[in-house]
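*Asks:* Task: produce atomic coordinates for the following.
(one chain, ligands or ions: 2)
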Amino acid sequence: GFTGTIYIDPDEATINEMTKKKEEIGKQNKLLQQLKGRESVTKDGQKIELCANIGSVLDVGNVLKNDAEGIGLFRSEFLYLRKNDYPTEEDLFEAYKEGAQAMGQRKLIIRTLDIGADKRVGYFNLPEEENPALGFRAIRICLARPEIFYTQLRAILRASHYGNVAVMFPMITSVEEVRAAKELLHLAEVKLHEEGIPFDPNLEVGIMIETPASAVISDELAQEVDFFSIGTNDLVQYTLAVDRQNAQLEELGKASHPAVLRLIHKTIRAGHDAGIWVGICGEAAADPELIPIFIEMGVDELSMSAARILPTRKLIRSLS
Ligand code: PEP
Ligand code: MG
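*Replies:* Ligands and ions are numbered 1, 2, ... in the order given. Just a heads-up that it's a prediction; the model follows:
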């Protein structure tokens with residue numbers, strides 16, 4: 001799994017080697033268990049919040065098992081991808097509520113619908129596009145079809161009553177988009193209030209920084225929201241003009257490219273200047289070579305697949 005190599009009909013030497021490796025990994029995993037309940041803090045006291053990325057509420061058990069401090073990215077589009085028709089407010093509410101309750105005091109950041117590009121949903125009847133990654137996707141669809149977005153926002157707000165929920169908008173490129181999204185959220189709050197349906201009035205609102213545009217104007221965007229979460233998967237793609245779906249270009253699409261690192265650094269500084277916290281939720285958040293750099297830049301939160309939480313906590317605790 002580490003190298004992506006499959007041995008067909010392995011000889012005895014290979015079997016022995018792999019068995020030994022497996023035992024070693026088992027031992028390491030046992031040692032990692034001792035880090036449960038411990039802080040993710042550097043030797044000199046810099047505390048990082050270590051969170052998990054999930055695509056379904058079914059993943060919450062694994063998140064808790066690996067002792068994540070919260071869920072930094074719930075890719076909510078999966079609830080839409082599994083259906084043959086638009087999920088109802090009730091469908092969404094039930095799923096979010098289950099997640100919020102299971103997480104208890106730990107935060108659950110629900111990223112609003114991010115479809116389009118590689119995530120196609122038939123019943124949305126999206127137009128064919130020459131360049132879908134640069135096309136009608138994510139927040140663009142949500143703002144153009146507010147009835148879909150509004151339903152999701154109501155469901156998120158209702159679930160916020162049952163836990164520590166936050167909402168986050170993807171693929172932002174302008175201040176206007178953030179204001180339009182917040183306006184719809186506000187409308188949903190007003191209606192719920194009128195209907196006497198409870199929600200968390202202090203729900204945190206954040207955006208993903210995953211386009212170069214949003215990183216460049218992060219100082220302005222920081223005035224609008226409670227937090228930033230940097231999506232390095234898309235930020236790399238759009239900054240370096242490297243299609244994230246194209247395996248042939250993998251070597252070119254690295255978050256360690258100085259252009260990407262500068263945008264990340266700029267975003268963290270802009271967030272901190274405005275007094276908001278900044279996390280990273282793309283794949284780079286779990287990269288042991290980049291984590292020390294992100295920590296030096298002052299990142300507040302890292303969100304990754306649940307299995308990476310304890311190894312990353314171990315790494316952070318070894319750094320100064
Ligand atoms: C990202 O772009 O880095 C991200 C976390 O979002 P997704 O991978 O779902 O596009
Ligand atoms: Mg993304």
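*Asks:* Shouldn't Gln237 be within a strand?
*Replies:* No. The assignment for Gln237 by DSSP: H, G, I helix; E, B strand; the rest coil gives helix, which leaves it out of any strand.
*Asks:* Let me see the contact set for it.
*Replies:* 133, 243-244, 253 (Cβ atoms under 8 Å, 6 or more residues apart in numbering). C-beta: built from backbone N, CA, C; applies to glycine.
*Asks:* Give me the buried entries from these.
*Replies:* 244, 253 (16 or more other Cβ atoms under 10 Å).
*Asks:* So which of the contacts of Gln237 are in helices?
*Replies:* Secondary structure from DSSP state H places none of these in helices.
*Asks:* want to throw the contacts of Gln237 into JSON lines with distance to Ile309 and pLDDT?
*Replies:* Formatted as JSON lines, those follow (distance: Cβ to Cβ, whole Å; pLDDT from 0 to 100):
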{"residue": "Ala133", "distance to Ile309": "29", "pLDDT": "92"}
{"residue": "Asp243", "distance to Ile309": "29", "pLDDT": "95"}
{"residue": "Arg244", "distance to Ile309": "23", "pLDDT": "93"}
{"residue": "Gly253", "distance to Ile309": "25", "pLDDT": "96"}
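*Asks:* would a markdown table of the contacts of Gln237 with distance to ligand 2 be doable?
*Replies:* Putting the contacts of Gln237 into a markdown table (distance: Cβ to the ion, whole Å) gives the following:
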| residue | distance to ligand 2 |
| --- | --- |
| Ala133 | 10 |
| Asp243 | 13 |
| Arg244 | 9 |
| Gly253 | 13 |
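*Asks:* out of the contacts of Gln237, which one sits closest to ligand 1?
*Replies:* Nearest to ligand 1 out of the contacts of Gln237 is Arg244 (Cβ to the nearest ligand atom; 8.0 Å).
*Asks:* for the closest one, what are its contacts?
*Replies:* 133, 233-234, 236-237, 253.
*Asks:* got it, and Arg82?
*Replies:* No contacts exist for Arg82 under Cβ under 8 Å, 6+ apart.
*Asks:* pLDDT score assigned to it?
*Replies:* pLDDT recorded at Arg82 is 85.
*Asks:* From what I see, Gly37 and Glu69 are in contact.
*Replies:* No. When contacts are counted by Cβ atoms under 8 Å, Gly37 is not listed as touching Glu69 (10.7 Å).
*Asks:* who's more crowded, the two?
*Replies:* A side-by-side neighbour count of Gly37 and Glu69, using other Cβ atoms under 10 Å, places Glu69 first with 21 against 6.
*Asks:* who's in contact with the more buried one?
*Replies:* Glu69 is in contact with 40, 49-51, 106, counting by Cβ under 8 Å, 6+ apart.
*Asks:* so of those residues, which ones are in strands?
*Replies:* 49-51 (DSSP state E).
*Asks:* Am I right that Ile109 falls within a strand?
*Replies:* Yes. Assessed by three-state DSSP, Ile109 belongs to a strand.
*Asks:* Got the phi and psi for Ala102?
*Replies:* The phi/psi pair for Ala102 (degrees, to the nearest 10) reads phi -60, psi -30.
*Asks:* count of neighbours near it?
*Replies:* Counted with other Cβ under 10 Å, Ala102 comes out at 17.
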